[in-house]
Structures are given as C-alpha cells and as structure tokens.
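A.B. asks: compute the structure for the input listed below.
(chains A, B, C and D)
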There are 2 protein chains.
Amino acid sequence: MQNLKVLSPFDVNNLRTLAPAAQSVEGEGRQSPCAACSVRQLTFCAPLGGEELTQISSIVNHVELAPGEYLFDEGEDADNIFSVTAGAMKVYKLLPDGRRQITGFLFAGDFLGLAHNDVYAYTAEAVTHSVLCRFPRHDLEVMLARYPKMERRLLGMARHELAVAQEQMLLLGRKTAKEKIASFLLSLSSRALQRGQAGNPVAVPMTRMDIGDYLGLTTETVSRTFTQLRNKKLVILHPGGKVEMADREGLQDIADGG
Amino acid sequence: MQNLKVLSPFDVNNLRTLAPAAQSVEGEGRQSPCAACSVRQLTFCAPLGGEELTQISSIVNHVELAPGEYLFDEGEDADNIFSVTAGAMKVYKLLPDGRRQITGFLFAGDFLGLAHNDVYAYTAEAVTHSVLCRFPRHDLEVMLARYPKMERRLLGMARHELAVAQEQMLLLGRKTAKEKIASFLLSLSSRALQRGQAGNPVAVPMTRMDIGDYLGLTTETVSRTFTQLRNKKLVILHPGGKVEMADREGLQDIADGG
DNA sequence: CGGGAAGTTGAAGAGCGTCAAAAGTAGTGG
DNA sequence: CCACTACTTTTGACGCTCTTCAACTTCCCG
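C.D. replies: Numbering: from 1, shown residues only, chains lettered A, B, ... in the order given. Predicted coordinates:
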C-alpha cells in the first residue's frame, strides 16, 4: 500500500472542505477537529462527547485516496480501523484465478477494517476520491475499553452490517439479474438519503464491472439489465453516473421478487 | 411459536445429558448450571467467572426443539438472544414467492437472535433435535453493561460472523456448483473439529434441499454434484448423512477455485 | 481532438434450473 | 415384524438464464 497519503490531524480543516458542509454543533466550539466532523453522527464516534472527542482526535490520522488506490489488501496485518469521511470505497475478496466478489460499497459514515485474525479479510480500494479517518487499532482498543458506550455503538454497527450481509446473501443466492439490479439501485438510494444526499436521481459512481462483481453478474449482464429497465420506463440513465428511478414502486416490486 | 418447550433453569442437569460429556472445571464446583456448561468456552459466556456465571444462570432458560420446529420467525419482536447448546439449527430469509436463502447453519456454541431494529432479521428452525439457552434481551443487556468483557466477546463473535458472511458472499456470487459443495463440506468439517467432534467422516444432518438453499442451488444440482464428487473418488457417501472426504486436498483445490 | 477505458449490443454456448419419474429411506401402525 | 405411506434422493431430458467471446460505440480526460 505505497500510494497512500497520510495527513496529520491538523490537516483536517483543509480536508473537511471535501466533505459536506459542517453543521457546527452548538456549545462544542472548536475544541477538537472531531467535534466539527459533519458525518460524526453516522460513525462509531457518535456517542462521544466533548472531552472524549478531544481524546479521539489525538489518535486519528486522515488518509486521502484517488480512484483505484488501495487502502489495504486482504491478508495484510490489520493495524488500523478506518471510518469513511467522504467518497466511496469498495471492499472485495478474490479467488486465485481472479474471480472477484465485492462484499460491500462504503460511503461516508461507514467503517472498515474489523478483522478477526489480526489480518484484513478483504481488500479495500477507492471507487471515487475518498477521505478516511485512520485509527490505530491498539489506540482504538484502549479507547473502547475506556468508553463502553463506544464499544456498544460498534457492536450495534457490526450487527447492522450483519443484517445487511444476510440480505445480500439472499440477493446473491436467490434473486434474478433484474431483481438484483433493482435491489441495488433502491439500496444505493436509501443509503444516500441516510447521508443527507439526493435519493433520486441517485449517484452510481461505480463501473458496470464493479456492480457485476457486487451482484454476482458479468459486466454485460449488468449493462443489458439496465437497458431492459430503461426500455420498461423504470429507470432513466443520466450522464455522469446518475440514475433516475422513474417508477420506484415498480422497481420495489421487482426487487422484492414480485 | 407455539410448539416450543421452555424449561426452567433447574432442568438444566437433565438436558445436559444431551450435550457432550461435561468436563468439570476445577475449583468452580457446582455453584451454577452455567459453570458446568460443556460448550461454554465456545459461547459468549466464555469470559465469565464464578460469580458472573451465577448471575447469568439466573436469567437463562432452556429451550428444546424437535426437527422442523421454529425458534422464531423473521419480523417477530426480538425479545431473546439464544445460544445453541446441542443440535443443529438453520436460519433463513424468504422471498414472497417462497424462494429461500439459508444464511447459516448453527451448531453448539453459536449464538443467534442479534437484531438491529428490535425484530429478528431471519427465521430460525431446528434441523435436528436441538437445545438452546434463552436470554431475555433486556436482562442480557444489563449483564453486558455490567461486564464489558462479555460485550467485547460478543463483538468478537459478531466480527467473526461478519467474516464468515463475506466468505459466503464470495461463494454465492462467484463459485461454481462443484466449488460450492466442496467448500461446504470442508467448512462443516472444520467447524465440527472446533466443537471437538469428528471431522472426517463429517456429519451432514441437513437435507439436500437445505444445502441447496444455503449454497444458492437446487436440490437436483446438489445431488448431481455429490454424485460427480463420488465418481471422482473425492468423497464417499455413507448412510445416515455421513460424508467421508476421501481426498481432502483435492476437495480443497476445488473449493479454492483451483 | 485523440486515445483508452467503459459501456453497449449481438450471437453462440454452458451451466444450472425445471419438470418428471423412479429408487431409496424412514417412520407408522396393524 | 412387515407392509404402507410419505418424504428424500437420484437420475434423465429439456430449456432458459446468464456467461463467453467479439465487435462496436460512447464517454472521459488529457
């Protein structure tokens, strides 16, 4: 992971210009960079207060990635845990012959790097220009031990990840190509809304190949399926990777297997 | 969930006869039923000591299920968390038209019931005769707040579940039928070894349909694939659902996509 | 504007699903 | 103890969805 820019905590104000506008939290002033983090309520830092935010600020660094740059590789020592501040990441596993399964796309507020055997279980790569907070695992574990509410928050987020993973298994194992694409678009849309971004048209920053590797399809099938949905007036494909869901109910019916 | 036998904590000694022989832990005597639990080191109770085991004993009940009986349904209020003591469970999600995806098989030591919106995200049903510990969620949360090491253990187990789920996504999205079956057998085998049971021949207590719904295949394809593996002398199918892996390396090569 | 990557479309083929039927297995009750 | 029944498993024939291979088009970004 050579091409990886690590910034000091003090660069954070500069970086923050890449994130959505900061809504300053009342009464907390400018005590720590984390206190002004605009996506904090989405992350595992959410339950922390003023004093604790200063603490966490002291262990965090920032990382900036250009599209296609790697954050870490599957099998590498899991020395850090990351939280996405801005941009979009993909995490995937590979088979020896190159077949790839993307297990998730990550956006602002999502975390990555939880490992179980001290090594990362997947490779993480930037889809778009991205910014992440980097927490050395050891330091974070000290924090977790001191602030149980943070550990509880992390457990809640892991639980959510688990539910999402199970939904994805249902999709991969039992849905048709059309159902997969419809589910994917609706999921992207609702996640964008959660982050306070536009839900329709929804931003689809990843390539057809990425989408295929996420849904267990080939590039060609993804493309053909988009064309089908367009011909049925369910979606409108706008330039710049924006997809308008012209018939959201129709898409929902398809996604649910109706 | 009508047909579900709830036993008082005091029936535990009776039930324990269903579990593997208890290796009595030195110095803990017979203070609490949980102290004598033979699978405790596999569960989220592992980090607890004498005093704490008495506490947890006071909130636990036991549940016994015959094959095909339900523990809970997807969408039901998630009032309890369970830990499998003996037997085999399956958890699955359904599409409206009946297509089913089994997201996991659970054995002694595994937990189930973690929900994120106060409702279960999947249905849980017994594969074989099974015994489980039932913890009221509220009571367990009080315990977790009091004993952070238990919460840490639970986070560790959730993290492991997550890694397993990602591996399963790779299987569902990118592996062939033959690779799926080979991976499945190897996984069953290594999990059996972890529980101290025979790894080869390995017990395969679930039906071909269950296996298919777990691997994203049909019954027929599962059966045909077993036949192929048998014809290639990779496995020997013994009566009573025992499968002998005659060529473990060969199976491993297939499972890894080689 | 130009070059390369990404996306689209077509034709042919493979793998797995579907439908159907037979064979095996287990549990039940006479 | 054995026959009856119901379910599970296996096997076969056929078909469809999605993949593969290939060519062409569009979209970016320098």
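A.B. asks: need the contact list for residue A:102.
C.D. replies: Contact analysis of residue A:102 by C-beta atoms under 8 Å, 6 or more residues apart in numbering or on different chains lists A:90-92, A:210, A:213-214. C-beta: built from backbone N, CA, C; applies to glycine.
A.B. asks: wait, residue A:179 sits on residue A:257?
C.D. replies: Yes - the pair residue A:179 and residue A:257 qualifies as a contact (C-beta atoms under 8 Å) at a distance of 5.8 Å.
A.B. asks: compare those two (neighbour count), which wins?
C.D. replies: Applying other C-beta atoms under 10 Å in any protein chain shown to residue A:179 and residue A:257 shows that residue A:179 carries more neighbours, namely 22 against 18.
A.B. asks: state the helix or strand in which that one lies.
C.D. replies: helix A:177-194 (DSSP states H and E).
A.B. asks: and that helix, which residues are buried?
C.D. replies: Along helix A:177-194, these residues count as buried under the neighbour rule (16 or more other C-beta atoms under 10 Å in any protein chain shown): A:177-189, A:191-192.
A.B. asks: from those, pick the one nearest residue B:113.
C.D. replies: residue A:187 (24.4 Å; C-beta to C-beta).
A.B. asks: per-residue pLDDT of that closest one, please?
C.D. replies: With respect to pLDDT, residue A:187 scores 98.
A.B. asks: same thing with residue A:36?
C.D. replies: 90.
A.B. asks: against DNA strand C, how distant is it?
C.D. replies: To DNA strand C, residue A:36 is 35 Å away according to C-beta to the nearest atom of the strand, to the nearest Å.
A.B. asks: how many neighbours does that residue have?
C.D. replies: 19.
A.B. asks: okay, now the unreliable bits of the stretch 1-150 of chain A?
C.D. replies: Counting by pLDDT under 70, the low-confidence segments of the stretch 1-150 of chain A come to A:1-31.
A.B. asks: show me where it has its helices.
C.D. replies: Ranges of helices within the stretch 1-150 of chain A are A:12-15, A:50-57, A:137-146, A:148-174, based on DSSP state H, counting those that start in this stretch.
A.B. asks: ok, the residue lying closest to residue A:241 once chain neighbours are set aside to residue A:198 distance?
C.D. replies: Leaving aside its sequence neighbours, residue A:241 sits nearest to residue A:204 (C-beta to C-beta, 6 or more residues apart in numbering or on different chains; 4.8 Å). Using C-beta to C-beta, to the nearest Å, residue A:204 is found at 12 Å from residue A:198.
A.B. asks: those two - which one has more neighbours?
C.D. replies: residue A:204 (23 against 12).
A.B. asks: so what's that one up against?
C.D. replies: Residue A:204 neighbours (C-beta under 8 Å, 6+ apart): A:185, A:188, A:211, A:241-243.
A.B. asks: report the two of those residues separated the most.
C.D. replies: A:211 and A:242 (14.5 Å).
A.B. asks: more neighbours, the two?
C.D. replies: A count of neighbours by other C-beta under 10 Å puts residue A:211 above the other of residue A:211 and residue A:242, at 24 against 15.
A.B. asks: confirm the more buried one sits in a strand?
C.D. replies: No - Residue A:211 is assigned helix when assessed by DSSP: H, G, I helix; E, B strand; the rest coil, not a strand.
A.B. asks: neighbours around the residue nearest to it when sequence neighbours are not counted, how many?
C.D. replies: Leaving aside its chain neighbours, residue A:211 sits nearest to residue A:222 (5.0 Å; criterion: C-beta to C-beta, 6+ apart). By other C-beta under 10 Å, 23 other residues sit near residue A:222.
A.B. asks: residue A:181 versus residue A:222, what's the distance?
C.D. replies: Look at residue A:222 and residue A:181: by C-beta to C-beta, they are 7 Å apart.
A.B. asks: is it true that residue A:111 touches residue A:82?
C.D. replies: Yes - Residue A:111 is within contact range of residue A:82, at 6.6 Å (criterion: C-beta under 8 Å).
A.B. asks: list the residues that contact both of these two?
C.D. replies: By C-beta under 8 Å, 6+ apart, no residue touches both residue A:111 and residue A:82.
A.B. asks: could you give the mean pLDDT of stretch A:227-245?
C.D. replies: Average pLDDT, stretch A:227-245: 97.
A.B. asks: ok, and what's touching that stretch?
C.D. replies: Against stretch A:227-245 from outside (C-beta under 8 Å, 6+ apart): A:178, A:181-182, A:185-186, A:189, A:200-205, A:226, A:246-247, A:250-251, A:254.
A.B. asks: so which bits of stretch A:129-145 are buried?
C.D. replies: A:130-135, A:137, A:139-140, A:143-144.
A.B. asks: does DNA strand D sit close to it?
C.D. replies: No - Stretch A:129-145 does not reach DNA strand D (C-beta under 7 Å from any atom of the strand); its nearest approach is 10.3 Å.
A.B. asks: which residues of the stretch 51-200 of chain A lie near chain B?
C.D. replies: A:93, A:95-97, A:99-101, A:103, A:114-116, A:121-122, A:144-145, A:148, A:151-152, A:154-156, A:158-163, A:165-170, A:172-175 (C-beta under 8 Å from any C-beta of the partner chain).
A.B. asks: which among those count as buried?
C.D. replies: Judged by 16+ other C-beta under 10 Å, buried ones among those: A:93, A:95, A:99-101, A:103, A:114-116, A:121-122, A:144, A:151-152, A:154-156, A:158-159, A:161-163, A:165-170, A:172-175.
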